[in-house]
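> Got a predicted structure here, sequence first:
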Amino acid sequence: MDKEELLYKFFSNQLTSEEEKTFQELLETDKEFKAQFEFENDLKRVIKKNEKENLKHKLIGFEKEINAKDKNNPSKWTFKNWSIAASIALLVGLGWIAYNTFSGPDYNKLYATNFEAYPNTVYTITRSDGDQSLERDAFAAYEASNYEKAVTAFLELKIEGSSTHTDFYLAQSYLYLGKDQEAIEALKSTILNDAEFKAEAHWYLSLAYLKSKNKEKAIATLKGLIENFDYNKERAQALLKALD
Amino acid sequence: MQEEQIQITLEELKKGSDKVLRKVYEENRDKFLNFARRYNLSDEEYIDVYQDAYIIFYDNIMTGKIESFTSSVSTYLFSIGKYLIFDRMKKNKKKTSSEFNLSLVGKEDEFITGIELNEPEMSHEQKLLQKYFGTLGKQCQELLTLFYYRGFTIQEIMEAENYNSENVVKSAKSRCMKTLKERIQAQKD
């Protein structure tokens, strides 16, 4: 086989082990071959770097468009829009609130604006692993938005006691299913037992209280979050303002 | 169903479709930001980290390190993102709000080990190459990128770029390389 073919096969990952041997030998003995190999290898690196830089530019472009879209589209309630809207609503609504004190804030809307389920950051599900554990089932159901199934699996996991973040994801699943009381219990347990998700659990606990229209506890939990953690601090402050 | 969707997206990403690139970027952006806020960085830094994680993810697909998976794309992005955030915090010397725990990333993501967080400085040779690669015609740049970065075989390049035969591709590739070498040599002389 000629040298060019050998290099071609190397860069297409097609060398047989026999050819691999010849390849290594040539690298050590043939200066010209080595120089050519280094040239192509450098080229590969340069192209990779170029491609990465191109992609970065593209992503920065996407980001600009996303921001522009958010500004032009008030129906998509981002945090920024929300805080602006909240201050406007506060001003406009003052008079209206005066004779409408019984209804209070719109808890469901506040909840819907702020709730976003926490992604699975714990368990990577790959096809290749033959792991058929309960934990895998639970997170697979969670990722597939099959929350009924996820709850069942997380509850079993809890009994087994082998996984550390069960309560937190159990709570997420309950929130999705609208089972606020169950979610509240699971989040309380997370705060007590799972240092890793303590801050996050505070945030979701305040949302769960909000959903069940328990304003006082929602406010207390938000204050606890803001005082002790950095997670979602700005959103928590905005929500607190909206509740006051 | 969902597994199939992920596979299709991977295939399409590999083909280099901008539409899919953007779709996947947007679909995972908010999830990633929601997850990243547990660390004490600014919003701009989160976006920056998300983009870098996305680039590494994409690079892993292109170079064949990720061939198939059924875990959601976001899970992969989080795994990479955690390392990037950790690296950045080390540089910023900022404290984490929640204890940073690598065990969370854990055993599962072996492809992470191949990540270059800080690419080594380019050598003089490589800088020259980069400069003159940019002066090549578009067709040459594309051909070489398909071969050296995207891992296309000569036959696949022939099909994707409508060349008449494999030999045409081969000689085009040789010509591109020759031009590149000559231009670099001319600079040295």
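Yep, it's here.

> make it CA atoms for all contacts and neighbour counts henceforth
Noted.

> for chain A, what spans make up the helices?
Assigned by DSSP state H, chain A shows helices spanning A:3-11, A:17-29, A:31-72, A:79-98, A:107-114, A:134-143, A:147-160, A:166-177, A:180-193, A:198-211, A:215-228, A:233-243.

> Just put those helices in JSON lines and tack on distance to residue B:126, mean neighbour count and mean pLDDT.
As requested, the helices of chain A are arranged in JSON lines below (distance: least, CA to CA, whole Å; neighbours: other CA atoms under 10 Å in any protein chain shown; pLDDT from 0 to 100):
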{"stretch": "helix A:3-11", "distance to residue B:126": "18", "mean neighbour count": "16", "mean pLDDT": "90"}
{"stretch": "helix A:17-29", "distance to residue B:126": "20", "mean neighbour count": "13", "mean pLDDT": "93"}
{"stretch": "helix A:31-72", "distance to residue B:126": "6", "mean neighbour count": "16", "mean pLDDT": "90"}
{"stretch": "helix A:79-98", "distance to residue B:126": "44", "mean neighbour count": "13", "mean pLDDT": "67"}
{"stretch": "helix A:107-114", "distance to residue B:126": "49", "mean neighbour count": "16", "mean pLDDT": "80"}
{"stretch": "helix A:134-143", "distance to residue B:126": "43", "mean neighbour count": "20", "mean pLDDT": "83"}
{"stretch": "helix A:147-160", "distance to residue B:126": "51", "mean neighbour count": "18", "mean pLDDT": "85"}
{"stretch": "helix A:166-177", "distance to residue B:126": "48", "mean neighbour count": "24", "mean pLDDT": "88"}
{"stretch": "helix A:180-193", "distance to residue B:126": "52", "mean neighbour count": "19", "mean pLDDT": "87"}
{"stretch": "helix A:198-211", "distance to residue B:126": "46", "mean neighbour count": "26", "mean pLDDT": "88"}
{"stretch": "helix A:215-228", "distance to residue B:126": "49", "mean neighbour count": "18", "mean pLDDT": "87"}
{"stretch": "helix A:233-243", "distance to residue B:126": "45", "mean neighbour count": "18", "mean pLDDT": "85"}
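
> Between the ones you listed, which one is closest to chain B.
Each of the helices of chain A was checked against chain B via CA to the nearest CA, and the shortest separation belongs to helix A:31-72, namely 5.2 Å.

> Any chance of the helices of chain A in a markdown table with distance to chain B as columns?
What follows is the helices of chain A, written out as a markdown table (distance: least, CA to the nearest CA, whole Å):
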| stretch | distance to chain B |
| --- | --- |
| helix A:3-11 | 7 |
| helix A:17-29 | 18 |
| helix A:31-72 | 5 |
| helix A:79-98 | 12 |
| helix A:107-114 | 11 |
| helix A:134-143 | 7 |
| helix A:147-160 | 15 |
| helix A:166-177 | 13 |
| helix A:180-193 | 13 |
| helix A:198-211 | 7 |
| helix A:215-228 | 9 |
| helix A:233-243 | 9 |
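
> So which elements touch the longest helix that chain B contains?
Across chain B, the longest stretch assigned as helix under DSSP H is helix B:166-188. Contacts of helix B:166-188 with other secondary structure elements, assessed using 3 or more CA pairs under 8 Å, 6 or more residues apart in numbering or on different chains; DSSP states H and E, are made with helix B:124-133, helix B:138-148, helix B:154-160.

> try 10 Å this time
Packing contacts for helix B:166-188, counted by 3 or more CA pairs under 10 Å, 6 or more residues apart in numbering or on different chains; DSSP states H and E, involve helix A:31-72, helix B:124-133, helix B:138-148, helix B:154-160.

> and of those, who's closest to residue A:182?
Checking these against residue A:182 by CA to CA gives helix A:31-72 as the closest, at 34.6 Å.

> can you pull the contacts of the residue nearest to the spatial centre of chain B?
Computing the C-alpha centroid of chain B and ranking residues by CA atoms, centre = their mean puts residue B:59 first, at 2.2 Å. Residues in contact with residue B:59, defined by CA atoms under 10 Å, 6 or more residues apart in numbering or on different chains, are A:48, A:51-52, A:55, B:14, B:53, B:65-66, B:115, B:149-150.
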